[in-house]
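Colleague: What shape does this take:
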Amino acid sequence: MGEGQPSGTAPRQLALDLLQGVWEEKMLLAELEQHPHFAEKPAEIRARAARLARTTLRLAGRADAAMKPFLQRPPRPGIQALLRLAVVELLAEGEAPHGVVNAAVTLAKREHAKAAPMVNAVLRRVVENGQGGWDKTQPQRLPNWLRGRLGATYGNARVSRMEAAFEATPPLDLTPKSESATLPDGEMLPTGTLRLAKAGQVSALPGFETGDWWVQDAAAALPARLLAAKPGERVLDLCAAPGGKTLQLAASGADVTALDISEARLERLHENLARTGLTANVVGADALEWQPEAPFDAILFDAPCSATGTIRRHPDLPFAKDGAGVKPLFALQAQMIDRAVALLSPGGRLVFCTCSLLPEEGEKQLEAMLERHPVLSPDQAAIDALAGFEPDWQAAPGALRTTPEMWPERGGLDGFFIAALRKA
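Modeller: Now for the predicted structure:
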């Protein structure tokens, strides 16, 4: 807590700093949370601030609609962020109005003193209007650069369902290391992922200290299951960090090489291997230049991508990124696909995947790679053998597409495109 800050304003001030970093500076929360301004705060303040920021990012559109009738003109960005935060606390989280309004007025005086009376008046009107002003609002809309692309692919009605899915705080998904793993209480999904509706502190859960599981979205766990690595096989995890898929491959008994260009991200992979007691040959290098001693029996390539499929877990992403940064990724993905094919033994298996909702990073990449590489063919048998496979996931022969509005009764899925292929 900062010196002289009331206990109620410290986490709110930190949440406000995060929100302004996303909306005004176009930075990702992961970057902002590494900054000393955030990292040096007490753990309980950081935790509450991060939760408040993520919830506000998910519900900002609703908050704008709920307070719009009481605003004469759009407020300046810092005050708008503060109002959104307070409205979400009042109407989505049911916090006591007195505490929320007082804290918001205090923060408004720091941000722009003349705006404090307006903040007080707007929030009091929001409280008077009650929950009805919230229930009639619509889910947060994706920014135009992304909504237009997705609407052209999936149709606006389906995109609206995705936006509704993005509002909800996602459950915690765990991948067990083995059938005998010590696990917390939760729902075992058909695909083999354990899902926890409310997890609390992850490191305090049964099985964490003993390395019996790791955090990994159910959709993110599918590519390694589709590759079905076997004991003793030479397997390459291309773009491996932070390592969830590497852990899956290593747990199968395969001889795994985990390759990634980012030494910083590989530190997390080393930590995960140490905690779980699994082993892999970890290599920090550029995949386009790295030369292995011999080709691989199987390769999992989780390509660098827009990450648009992970918005339910990263609500800052649509605001911190724009369409300009996406297009260069398409060419890089194609280059790295060609490299993966070159590193694969004849008869070997390749699983290509992206955590993206954009067809240019999925379906269209698959079409193009099959044209460039006649030695590749779709492996539909691998899809058919996948535990928990549902027919509406099928995107093309040998390929799956998951989207966030799927499994609504279970808490949704990240958006992934996954293709299984064999080399002649």
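Colleague: Return the per-residue confidence for Ser7.
Modeller: We have a pLDDT of 55 for Ser7.
Colleague: That should have said Asp322, apologies.
Modeller: So Asp322 comes in at 84 (pLDDT).
Colleague: isn't it right up against Trp145?
Modeller: Yes - look at Asp322 against Trp145 with CB atoms under 8 Å: they come within range, at 5.3 Å. C-beta coordinates here come from the backbone N, C-alpha and C atoms, glycine included.
Colleague: which other residues reach stretch 272-288?
Modeller: 177, 208, 211-212, 214, 237-240, 242-244, 246-247, 249-251, 255-263, 266, 269-270, 290, 335-336, 339-340 (CB atoms under 8 Å, 6 or more residues apart in numbering).
Colleague: now, which of those residues lie within strands?
Modeller: Those of the contacts of stretch 272-288 mapping onto strands are Trp214, Asp237, Leu238, Asp255, Val256, Thr257, Ala258, Leu259, Asp260, per DSSP state E.
Colleague: burial measure for the closest residue in space to Gln131 that isn't next to it in sequence, as a count.
Modeller: Take Gln131 and drop its neighbours on the chain: the residue closest to it by CB to CB, 6 or more residues apart in numbering is Leu91, 6.4 Å away. For Leu91, the neighbour count with other CB atoms under 10 Å is 24.
Colleague: tell me the secondary structure for Leu91?
Modeller: Following DSSP: H, G, I helix; E, B strand; the rest coil, we place Leu91 in the helix state.
Colleague: Next: Ala395.
Modeller: Under three-state DSSP, Ala395 comes out as strand.
Colleague: Let me see the contact set for Ala53.
Modeller: Going by CB under 8 Å, 6+ apart, the list of residues near Ala53 reads Ala15, Leu18, Leu19, Val22, Leu29, Asp316.
Colleague: If you tally nearby residues, what's the number for the nearest residue to the third one once chain neighbours are set aside?
Modeller: Distance criterion CB to CB, 6+ apart; nearest residue to Leu19, sequence neighbours excluded, is Ala81 at 4.5 Å. Counted by other CB under 10 Å, the residues lying close to Ala81 total 26.
Colleague: Same question for Asp302.
Modeller: If you count neighbours by other CB under 10 Å, Asp302 ends up with 22.
Colleague: Kindly provide the distance from it to Lys109.
Modeller: Asp302 sits 47 Å away from Lys109, taking CB to CB, to the nearest Å as the criterion.
Colleague: now, which of the contacts of Ala53 sits nearest Arg161?
Modeller: For the contacts of Ala53, the closest approach to Arg161 (CB to CB) belongs to Asp316, at 21.2 Å.
Colleague: which residues touch Ala331?
Modeller: Counting by CB under 8 Å, 6+ apart, Ala331 has no contacts.
Colleague: Nearest the geometric middle of this protein, what residue?
Modeller: Among the residues of the chain, the one closest to the centroid is Thr310, at 3.3 Å (CA atoms, centre = their mean).
Colleague: Report whether the expected contact of it with Asp316 is present.
Modeller: No - between Thr310 and Asp316 there is no contact under CB under 8 Å: 10.7 Å.
Colleague: For the protein, which helix or strand comes out least confident on mean pLDDT?
Modeller: The weakest-scoring helix or strand in the chain, judged by mean pLDDT, DSSP states H and E, is helix 132-135 (a mean of 81).
Colleague: Can I get it in PDB, CA atoms only?
Modeller: Presented in PDB, the C-alpha positions along helix 132-135 are these (Å, rounded to 0.1, in the frame of the first residue of the first chain):
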ATOM      1  CA  GLY A 132     -31.900  -2.800 -14.200                       C
ATOM      2  CA  GLY A 133     -29.500  -0.400 -15.800                       C
ATOM      3  CA  TRP A 134     -27.000  -3.300 -16.000                       C
ATOM      4  CA  ASP A 135     -29.100  -6.200 -17.100                       C
END
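Colleague: picking up where we left off before, which ones are touching the residue nearest to the centre of the chain?
Modeller: Contacts of Thr310 by CB under 8 Å, 6+ apart are Asp217, Leu317, Cys355, Asp414, Gly415.
Colleague: Taking the residues you listed together, which two end up most distant?
Modeller: Asp217 and Leu317 (14.4 Å).
Colleague: contacting residues around the lengthiest strand in the chain?
Modeller: Of all segments of type strand in the chain, defined using DSSP E, the longest is strand 344-354. Residues from elsewhere that reach strand 344-354 (CB under 8 Å, 6+ apart): 222-224, 226-228, 234, 295-303, 305, 309, 333, 337, 340-341, 361-362, 365-366, 369, 375-376, 379, 382, 416-424.
Colleague: Can you flag the buried ones in the residues you listed?
Modeller: 222-224, 226-228, 234, 296-303, 305, 309, 333, 337, 340-341, 361-362, 365-366, 369, 376, 379, 382, 416-423 (16 or more other CB atoms under 10 Å).
Colleague: in the helix or strand hosting His98, what counts as buried?
Modeller: His98 is part of helix 97-112 when elements are defined by DSSP states H and E. Under the neighbour-count criterion of 16+ other CB under 10 Å, helix 97-112 has Pro97, Val100, Val101, Asn102, Ala103, Ala104, Val105, Thr106, Leu107, Ala108, Glu111 buried.
Colleague: contacting residues around the fourth one?
Modeller: The neighbourhood of Asn102, defined by CB under 8 Å, 6+ apart, consists of Gly8.
Colleague: Likewise for the last one?
Modeller: Taking CB under 8 Å, 6+ apart, we find Glu111 in contact with Leu16, Gly78, Ile79, Leu82.
Colleague: what residue ranges in this structure score low on pLDDT?
Modeller: Filtered on pLDDT under 70, the chain yields the residue ranges 1-7.
Colleague: Kindly state the domain boundaries assigned to it.
Modeller: The chain breaks down by automatic domain parsing into domains covering 10-135, 172-423.
Colleague: Dump the contacts of Ala53 to JSON lines, plus neighbour count, secondary structure and distance to Thr137.
Modeller: Formatted as JSON lines, those follow (neighbours: other CB atoms under 10 Å; DSSP: H, G, I helix; E, B strand; the rest coil; distance: CB to CB, whole Å):
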{"residue": "Ala15", "neighbour count": "26", "secondary structure": "helix", "distance to Thr137": "21"}
{"residue": "Leu18", "neighbour count": "27", "secondary structure": "helix", "distance to Thr137": "23"}
{"residue": "Leu19", "neighbour count": "28", "secondary structure": "helix", "distance to Thr137": "19"}
{"residue": "Val22", "neighbour count": "23", "secondary structure": "helix", "distance to Thr137": "21"}
{"residue": "Leu29", "neighbour count": "21", "secondary structure": "helix", "distance to Thr137": "24"}
{"residue": "Asp316", "neighbour count": "24", "secondary structure": "coil", "distance to Thr137": "21"}
